Structures are given as C-alpha cells and as structure tokens.
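Asker: need a structure here:
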Amino acid sequence: MPDDRDAVITGIGLISCLGEGVDAHLANLGGAPVLDSESFPGFAVHPMTALAYDQQITKREQRQMEPWQRIGTYAAGQALDAAGVKGNAELLSRMDMIVAAGGGERDYAVDAQILSALPRAADPGAYLNEHLLSDIRPTLFLAQLSNLLAGNISLVHGVIGSSRTFMGEESSGTDAVRIAVERIHAGQGDFALVGGSYNAQRPDVLLHYEMGGLLWHKPHEGVWARQAAGGGMLLGSLGCFLVIESRAHAAARGAKALACIAGIRTDRCARKPGQATANATAQLAALGGVRDGMAVISGASGAPLPTTEEKSFLDSLGLPVRATATAIGHGLEPSFVANVALAAAAIGQGRLFAPLEAAEATMDTPLTAALVTSWGHWRGEATALVTAA
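Answerer: Below is the predicted model:
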C-alpha cells in the first residue's frame, strides 16, 4: 500500500553518449554503439553527447569548471527542471543534496613528465616524492576537491539545503541513493537531489584502469559477450541526477511521481569466491525476492571477475536482464543512479526495453518492478527495488 514516507522519483536528468533525457535513452538503447576510438589510440570510450551547456550554466560559470563538473551541473539542472522546482527559491532552500564524485582531473603535462623520468631516476622513490611536492601545485589540488560539484550545483542552481559528497567509485553512487531513501523513510528529510557525473574522455583514467588490466581492447561487444571472451570495461562519460522526495511532499506540491524506490541495500566484501553472491542473495531476500513482472537492470561493468560472478547469480534468478554498460559504457560513480533512472523510465512505460545483445532475453509481459544491481569493478554490491509509483 502507498505510504506518505515512500521515496518517489519526481525528476530525472540523464546525459550520456545516447543523448539528453530518459526519452532519448529509451529510444536509442539498442542502436549502433556510440564510440570514440580515435582520441585515445588503442582505447575506445563512449563519449558525452554534444551539449549546449549554456542551457543550464552560464559561460562565466563554465570557465571555472572541469568537464566532469559541467556534466554533473548540467544533469542536475535537467533533473530540477523535470521535477518542476528549477528557480523555486523556497523549495531549493530546503532541498538536500547528495553527490557521488571522483577526485577531479589532473595536470597531464606534469603527470607525463614524472612518468617519463621515473624509470631513469637513480632513486625512483625519492624522485617521486620530490616531484609530487614540487611540481603538483597546492592550488591545483584545491581546485579539484570532489565536493566542488556540489558547490557548483549550489551556486548555479540554488540548491542550498544540506550537502553531502561521497567518494568511492561505484559504491559512492549506491550509497548516495541509499542514504537519500533512508532519510526519507525515517522522516529525516523530504526532498533530495541525488546523483553524480563521470568524464571518461581522459588519458589518466584510461591509464589507471589499464594498469589494473581492466579495459577491453577489441572491437565493441556487449557486456556479456565481453565477459565470455575474458572480460574488459569500456568506460563512458555520464551524468545523472534524480529528484527523490517523500510521496506526501510530492503530492503536496502537485508533482507527478515517476516511480518508487521501494527499497535499497548496499554492502561490500573482500571479493573472495562467493562473497559478492552471498551479499546479493541477502539483499534480494531483504527486498522481497523475485516477483511477477520483474526484470533486472544490471550495472555490470565488464570487469572480468565480478561480471562473471554477477552473471552466474543473475542467471539463477530466471529474469530478463539488461546490462546498460553495453550501450552507455561504464560510468563508475553515477552508473547506479543512471540505471535507477532507466528502470524508472521503463516502468513508467510499462515495458522493458529491447535486449542490448544476444545473451539477453526478451520480455513480453508488462514490466511492473525492476531490480537495479551494482557490482563494483573492485568492491561494493548493491541492489535496489524500483516499482511503479
């Protein structure tokens, strides 16, 4: 039965290689892959769609932002617009904000200089310490604090309630949504802007994940096809924010509830064999288990070991599954938020979007509920239950 403390989604801002907004995403999911294979030879990424940033951010404000901040601030503005609260000073003054963010972008010239000279240094450890202290300017670091995204959203859009910023790759996004939902359920808040952004078009992040042996180098394949061939991630630039509020708060201001986040569980483990499956099994049980009219929106990254284990777990459920990283790439911090958004949009239409690759089954019955999963490429397991509003 509906409850006044239900956490409902009333606004979605979503941007990726597939375009702007959930309608564009539902229309373009399953189309030809949108990839940039030329900017970073040897690596392919799903690039951000061309955006007219002026629609949400003035040129003056844009100048002080790195690309990931512009992506996030733009998506946040979209969500506020969609929820009907953009420019409403009274509502925005008491709107909470929970942001999932990385650590900012780097000075590539300094990085290249250090990496090039390090192998030739007589004492590599001493050389690295010296140049980290002398070449990386304090002002550079201060300009890249993760909470600058929340600060820019406050300045540009006027969201000035409480603010929290989480770091921690995929888990930062899952916990951002979880805490917003739990605060609403507990009566500790009524109204929150939740989300994050990721810029995959950066040589430093490609280097980072390549050193971990996590990237895919062959022609584009879907997540499950990659998993069967040894695994690998294709990163994607992504921005997604949700306006989540209590059912009573939404009704009082006449806002339409798009979907309900009926429950969410997050956890982490050391990723010994079977531990992630055990966490996911417990999360599913806590959310009421499998039901009729349900599908899975999977955040599987393509990283070899977790993707293999997640596929085995999902196969045991007997539900239709969609791994959205096939179409939009893996966006780390905002990937879970984006999948919640896509689940809400699909439930709003009453049908699951078409399979994204051959390994995914069709769904001919109406869609009434979705499990949104996130198994981080390194740590963190989460499951959310999204239902009709």
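
Asker: Using the three-state scheme, assign Ala344.
Answerer: What DSSP: H, G, I helix; E, B strand; the rest coil gives for Ala344 is helix.

Asker: Quick check: it touching Leu385?
Answerer: No. Ala344 sits out of contact with Leu385 when judged by CB atoms under 8 Å, with a separation of 11.7 Å. C-beta here means a position set from N, CA and C on the backbone, and glycine is covered the same way.

Asker: Which one of those two is surrounded by more residues?
Answerer: Ala344 (26 against 22; other CB atoms under 10 Å).

Asker: what's near enough to touch that one?
Answerer: Residues near Ala344 by CB atoms under 8 Å, 6 or more residues apart in numbering: 9, 12, 22, 258-259, 386.

Asker: Among those, which lie within strands?
Answerer: 9, 12, 259, 386 (DSSP state E).

Asker: which residues does the second one bridge with?
Answerer: When you say that, I think you mean Ile12. Leu242 (DSSP bridges).

Asker: Measure how buried it is and give me the count.
Answerer: Ile12 has 29 nearby residues by other CB under 10 Å.

Asker: Tell me the spacing between it and Leu332.
Answerer: Distance of Ile12 to Leu332, given as CB to CB, to the nearest Å: 19 Å.

Asker: ok, now the first one?
Answerer: When distance is defined by CB to CB, Ile9 is 21 Å away from Leu332.

Asker: picking that back up, with pLDDT and distance to Ser163 added, can I get the ones in strands among the contacts of Ala344 in CSV?
Answerer: Formatted as CSV, the ones in strands among the contacts of Ala344 follow (pLDDT from 0 to 100; distance: CB to CB, whole Å):
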residue, pLDDT, distance to Ser163
Ile9, 98, 20
Ile12, 98, 20
Ala259, 98, 25
Val386, 98, 25
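
Asker: Can you pick out the most distant pair from those?
Answerer: Farthest apart among the ones in strands among the contacts of Ala344 by CB to CB are Ile12 and Val386. That separation is 12.0 Å.

Asker: Give the other helices and strands that the helix or strand containing Gln78 contacts.
Answerer: Gln78 belongs to helix 67-83 when assigned by DSSP states H and E. Helices and strands touching helix 67-83, by 3 or more CB pairs under 8 Å, 6 or more residues apart in numbering; DSSP states H and E, are strand 7-16, helix 148-157, strand 191-198, strand 238-246.

Asker: Can you point out the buried residues in that helix?
Answerer: 67-83 (16 or more other CB atoms under 10 Å).

Asker: So what's the residue count around Gln349?
Answerer: Counted with other CB under 10 Å, Gln349 comes out at 13.

Asker: repeat for Phe313
Answerer: Counted with other CB under 10 Å, the neighbours of Phe313 add up to 21.
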